[in-house]
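**Student:** any chance you can model this:
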Amino acid sequence: MAKLQGAFTALVTPMFEDGSIDYEGWRKLIQLQLEGGISGLVPLGTTGETPTLDESPEEEKLIEIVVSEVKQYKEKLAKEGKSRDIPVILGASSNNTKDAVKYVQRAKDMGADYALVVTPYYNKPSDEGIYRHFEAVSKVGMPIIVYNIAGRTGKNISTSLLCRIVELPNIAGVKEASGDINQMMDVIAKISRKKPEFSVLSGDDGLTLPLIAAGGDGVISVVSNIAPALVTELVTKALEGKFDEARDIHYRLLPFFKAAFVDGNPTSIKYAMNYKGLPAGGLRLPLVEVHEEAKKIIEKALKECNL
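**Tutor:** Below is the predicted model:
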């Protein structure tokens, strides 16, 4: 499988105001992403409110739709004499290793291309426990993206620990959301420069450009829910070494990179999408709509960025 490079959208899960899933909105969102040129899709992650979704039928139906829509879109491109690799990177996380293995197996069985597996959260395992967690999921036999986000899990995957994890089979890359560019560069220096097939993806929209400049491979983006074409262009230009052009897009989007998290995620991006008439809708408790001041900040950023 080719190395992961590009812009990948961490999809919101569209809902109605009563919290039920808007499956047609989900289909429409996926189509908008594909038409916007996005490199790939990441359903059932943090931004998708996965902790509040039912495994069956909700998650299964969401997976079926995204895999089907990507397949149909690629078939349409083929008829036009075009081709594009559009991987589906399915969230497959749990702080129960047995469940994480089950979710990775589900990702494989249902046609996803990669599984995104987060550090076990709340339990706060030792480094050895984290290693064995990834050892267990790696045995399923599909490419794994390690998801490091200490702000949500309570545990940072150090570079030394990641160096051990990447020696396991099927470890294809890392979504680096530590927020620490020095740690990200350490990962590039000690891992991806020695294993060029290993992908280092930013988990923070605002750090995408500096990470690529340092040798990273792209972003798993929240902002691309609302601006897939622009985020894709930023990443493409940066990967091509056209940093002047990439920098222009980065600074155009910078106010919204901040506003998209002003009152949490996915609460802020869902408000922005609703404001722009895109399929996002309601939230499920414990998440609630952003506060009034946040709404003003988001609306102002959308205008500043011409989104």
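**Student:** ok, which stretches of this protein are strands?
**Tutor:** Counting by DSSP state E, the chain has strands at residues 6-10, 40-42, 89-91, 114-118, 144-148, 171-176, 199-202, 218-221.
**Student:** list the contacts of the fourth one.
**Tutor:** By that I understand strand 114-118. 4, 42, 45, 87-93, 100, 103-104, 107-108, 134, 137, 140, 142-147, 149, 152-153, 172, 175, 220 (CB atoms under 8 Å, 6 or more residues apart in numbering). C-betas here are computed from N, CA, C, even on glycine.
**Student:** what pairs with that strand, parallel or antiparallel?
**Tutor:** The strands beside strand 114-118 in its sheet (DSSP bridges) come out as strand 89-91 (parallel), strand 144-148 (parallel).
**Student:** now do the first one
**Tutor:** Strand partners for strand 6-10, identified by DSSP bridges, are recorded as strand 40-42 (parallel), strand 218-221 (parallel).
**Student:** how far does that strand sit from its chain's centre?
**Tutor:** Computed by CA atoms, centre = their mean, to the nearest Å, the separation of strand 6-10 from the middle of its chain amounts to 6 Å.
**Student:** redo the strands of the chain as a markdown table? Include mean pLDDT and mean neighbour count.
**Tutor:** Compiled in a markdown table, these are given as follows (pLDDT from 0 to 100; neighbours: other CB atoms under 10 Å):
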| stretch | mean pLDDT | mean neighbour count |
| --- | --- | --- |
| strand 6-10 | 98 | 28 |
| strand 40-42 | 98 | 26 |
| strand 89-91 | 98 | 28 |
| strand 114-118 | 98 | 27 |
| strand 144-148 | 98 | 26 |
| strand 171-176 | 98 | 26 |
| strand 199-202 | 98 | 26 |
| strand 218-221 | 98 | 30 |
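**Student:** want to throw those strands into JSON lines with distance to Asn265?
**Tutor:** Below are the strands of the chain laid out as JSON lines (distance: least, CB to CB, whole Å):
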{"stretch": "strand 6-10", "distance to Asn265": "9"}
{"stretch": "strand 40-42", "distance to Asn265": "13"}
{"stretch": "strand 89-91", "distance to Asn265": "14"}
{"stretch": "strand 114-118", "distance to Asn265": "14"}
{"stretch": "strand 144-148", "distance to Asn265": "14"}
{"stretch": "strand 171-176", "distance to Asn265": "14"}
{"stretch": "strand 199-202", "distance to Asn265": "15"}
{"stretch": "strand 218-221", "distance to Asn265": "11"}
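**Student:** show me where pLDDT drops low in this protein?
**Tutor:** 1 (pLDDT under 70).
**Student:** what are the ranges of the helices in it?
**Tutor:** Shown for the chain, the helices assigned by DSSP state H span residues 23-35, 60-79, 97-109, 127-138, 150-153, 159-165, 181-187, 208-213, 228-239, 243-259, 267-275, 292-304.
**Student:** and Tyr121, which of those helices is closest to it?
**Tutor:** helix 150-153 (3.9 Å; CB to CB).
**Student:** quick one: contacts of that closest one?
**Tutor:** So helix 150-153 is contacted by Thr46, Val118, Thr119, Pro120, Tyr121, Tyr122, Asn156, Ile157, Ala177, Ser178, Gly179 (CB under 8 Å, 6+ apart).
**Student:** same list (the helices of the chain) but as TSV, adding mean neighbour count.
**Tutor:** Formatted as TSV, those follow (neighbours: other CB atoms under 10 Å):
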stretch	mean neighbour count
helix 23-35	18
helix 60-79	16
helix 97-109	19
helix 127-138	18
helix 150-153	16
helix 159-165	18
helix 181-187	19
helix 208-213	22
helix 228-239	22
helix 243-259	18
helix 267-275	22
helix 292-304	15
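**Student:** one step back: can I get the strands paired with strand 114-118 in JSON lines including distance to Gly81?
**Tutor:** Shown next, in JSON lines, are the strands paired with strand 114-118 (distance: least, CB to CB, whole Å):
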{"stretch": "strand 89-91", "distance to Gly81": "27"}
{"stretch": "strand 144-148", "distance to Gly81": "31"}
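**Student:** which one, of those, ends up nearest to Ala214?
**Tutor:** strand 144-148 (16.3 Å).
**Student:** pretty sure Ala246 sits against Leu230.
**Tutor:** No: judged on CB atoms under 8 Å, Ala246 makes no contact with Leu230 at a distance of 11.0 Å.
**Student:** ends of stretch 32-45, what's the gap?
**Tutor:** From its first residue to its last, stretch 32-45 covers 19 Å (CA to CA, to the nearest Å).
**Student:** how about stretch 16-26?
**Tutor:** Taking CA to CA, stretch 16-26 runs 11 Å from one end to the other.
**Student:** need the contact list for the closest residue to Ala294 other than its chain neighbours.
**Tutor:** Closest residue in space to Ala294, ignoring its immediate chain neighbours: Asp263 at 3.7 Å, by CB to CB, 6 or more residues apart in numbering. By CB under 8 Å, 6+ apart, Asp263 lies in contact with Val290, His291, Ala294.
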